[in-house]
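**Student:** need a structure here:
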Amino acid sequence: MVALSPTPVIETSRLVLRAPGGRDFAAWRKFFLSDRSRFIRPAEPDEALAWRAWSGVIGHWVMRGWGSFVVTTHDSDAALGMTGPWAPINWPEYEIGWTLWSEDHEGKGLMTEAAKATLDHAFCRLKWSTAVSYIDPENARSIRLAERLGAVLDPEARRVEDKPVLVYRHRKPEDLA
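**Tutor:** The predicted structure follows:
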């Protein structure tokens, strides 16, 4: 197995957040080609686009030295979703993004726990001074998650090009205490 290095592993009470790898592609592909991914991909995804998108997730670690983490549990290395720092070249600001790949895991607070851990990572370890989440206006679940994390809508923030998004600004962990 080939792994990116060095990539941190973050552990929470229930979860393990680790670097993405080739072994996660099947779970990503299933998610990406499903309606669950409609807020983060073009209208008509295909196998080739799923491959390129996953390659971009892995390559982000190489290009930036940090990136999104695959979310697993302490009991299983099976990928449940992804969350973490994200900044493609055309993004106006650094983002904390998240995707939960199966509805079987909804409503358990897993993504809240994982996203909070990656926010702490971005602000404390990566020394970010600010972070946003770009959210499709129709993605009510992601909006609620951003608000649970303490983020506030920032109508003055620059948007991602050609995308109708809301920009939620996250507060530093010390500002939430």
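**Student:** just checking, what packs against the longest helix seen in the chain?
**Tutor:** When the chain is scanned for its longest helix (criterion: DSSP state H), the result is helix 47-64. Packing partners of helix 47-64 (3 or more Cβ pairs under 8 Å, 6 or more residues apart in numbering; DSSP states H and E): helix 25-32, strand 81-86. Heads up, the C-betas are built off the backbone N, CA and C, glycines and all.
**Student:** closest one to R18 among these?
**Tutor:** Within the helices and strands packed on helix 47-64, the stretch nearest R18 is strand 81-86; the backing value is 10.5 Å (Cβ to Cβ).
**Student:** tell me the mean pLDDT over the closest one?
**Tutor:** Averaged across strand 81-86, pLDDT comes to 97.
**Student:** and the residue nearest to R148 when sequence neighbours are not counted, what does it touch?
**Tutor:** Of all residues not flanking R148 in the chain, T112 sits nearest, at 5.5 Å (Cβ to Cβ, 6 or more residues apart in numbering). With contacts defined as Cβ atoms under 8 Å, 6 or more residues apart in numbering, T112 is in contact with 145, 148-149.
**Student:** show me which of those are buried.
**Tutor:** Neighbour counting with 16 or more other Cβ atoms under 10 Å marks 145, 149 as buried within the contacts of T112.
**Student:** can you give me the strands for the chain?
**Tutor:** In the chain, strands defined by DSSP state E lie at 10-11, 15-18, 69-73, 81-86, 95-100, 131-135, 152-153, 166-170, listed in chain order.
**Student:** other SSEs contacting the last one?
**Tutor:** With contacts defined as 3+ Cβ pairs under 8 Å, 6+ apart, the packing partners of strand 166-170 are strand 131-135, helix 140-148, strand 152-153.
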